[in-house]
Structure formats: structure tokens, C-alpha cells
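> Return atomic coordinates for the entry below.
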Amino acid sequence: AARHVPALTIVADASPRSRAAARVVGDAARAHRVTVTPQARDDRPTVIVGGWATAYARLMDIARGRIPSQGSYLAPWLLAPPLLTVPAGQLVPLRFAPDDPMPQRYEAALERRYPGQPPTATGYAAWLAALRAPSATTCRLFAASTVQVPGPLGHDHGTGGAWLPGGTITEVAGPLGRPA
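Sure, this is the predicted structure:
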């Protein structure tokens, strides 16, 4: 609403979490006089609140130009490398920065226990709960981008670590207001 976007499209699936998130996003949009429409267009963003399969399919459709969109907003549980590497303008609201000390501790613990398994926001939340560590209350908006410098030297300037190998996850807005 603050960006004066008149409408958005919500992509959900049949799961209870997705349906609940779609209701919250839809209610918040309408409270801020943003129209929710099922019809995708290049002048409105897509908010994806489904599971990984739904998210991947929609992101690929956006990236390949089959479905128009003014970028895509992913539900926090969709913070995962396979979804962040699709070039579809992903933005993710998070209550942590992946390069902060606690998410880095989680990443290291995950690597020790399950080598090669990528960190996820859902896994991080569960890990914090198991430690009885408080989670942050402030939500910020992050952009994900793979960063490669072409040329014979093959430089990779990504800083995303295991959260986004060969890329970066950067704060682009925050703190965000409380949801409606």
C-alpha cells in the first residue's frame, strides 16, 4: 500500500497453513485498500503463500514469462535456496537476517548434524524453539539474488552462504509495520 500498488495476486494451495496465510494477506490488503485479484498482471506483485511445489511452479512461470508479475513476495517458510535461485524478483519478509550470529549458528549446527542440507526459515524457527531462544519480533523485507561476475576468473561474489549459495540475501526494507 505504501508503494501505491493498486492490486496484488495471491498464490495459495489447499494446505491449512496456505489457506490461513492467504486469508491474512487478503484481509491486510483489503484493509489498506489494495485489491486482491486472481488475474496476474505485470503491474501487480504476486504473493506466494503455498508450499514449495506451488511456489516453485509459479516462480518458474514468472521467470519464463508465462505469467506476468511485478516481482514476487514469498511467505517466510519459502526461504530456501531452490526457490531463491529462480530469477523472479523474490522478496521475503523475515524476523532475522541470515548473516546474523544466531542464524549462522543454526546453519553450522545443521551442517554438523545433516551435512549438505540447506537451512530454511522454518528449520531455523524450530531450532530456536528447541533452544528456547527468543525470536525477533521486528520483521524486515529481504531480497534474494544470485551474484556472479562473468569472465575468465570465475569470481563468485555471493555472500549468502548456505542460505543462498552463490548469492546474497539483502535487507531492502524495514522494519515493517504490524500486520493488519
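> Is P38 in a helix, a strand, or coil?
The three-state label given to P38 by DSSP: H, G, I helix; E, B strand; the rest coil is coil.
> Now for the closest residue to it other than its chain neighbours, which secondary structure element holds it?
Distances taken as Cβ to Cβ, 6 or more residues apart in numbering place T9 nearest to P38, at 6.5 Å, with adjacent residues excluded. C-beta: built from backbone N, CA, C; applies to glycine. In this assignment (DSSP states H and E), T9 forms part of strand 7-11.
> Tell me the buried residues in that strand?
Neighbour counts over strand 7-11 (16 or more other Cβ atoms under 10 Å) mark L8, T9, I10, V11 as buried.
> would you list the residues you listed in a markdown table and tack on pLDDT and distance to F96?
As requested, these are exported to a markdown table (pLDDT from 0 to 100; distance: Cβ to Cβ, whole Å):
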| residue | pLDDT | distance to F96 |
| --- | --- | --- |
| L8 | 95 | 25 |
| T9 | 95 | 27 |
| I10 | 96 | 24 |
| V11 | 96 | 24 |
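> Can you lay out those as a markdown table showing distance to D99?
Compiled in a markdown table, these are given as follows (distance: Cβ to Cβ, whole Å):
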| residue | distance to D99 |
| --- | --- |
| L8 | 29 |
| T9 | 31 |
| I10 | 30 |
| V11 | 28 |
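> measure I67 to P81 for me?
According to Cβ to Cβ, to the nearest Å, I67 and P81 sit 22 Å apart.
> try A129
To P81, A129 is 23 Å away according to Cβ to Cβ.
> who has more neighbours, these two?
P81 (18 against 10; other Cβ atoms under 10 Å).
> Can you tell me which helix or strand of this protein has the lowest average pLDDT?
Among the helical and strand segments of the chain, the one scoring lowest on mean pLDDT, DSSP states H and E is strand 167-173, with a mean of 84.
> Give me the contact list for that strand.
79, 84-85, 91-92, 97-99, 140-147, 158-160, 163 (Cβ atoms under 8 Å, 6 or more residues apart in numbering).
> Could you pull out the strands in this protein for me?
For the chain, applying DSSP state E gives strands covering 7-11, 35-36, 46-48, 72-74, 90-94, 140-146, 167-173.
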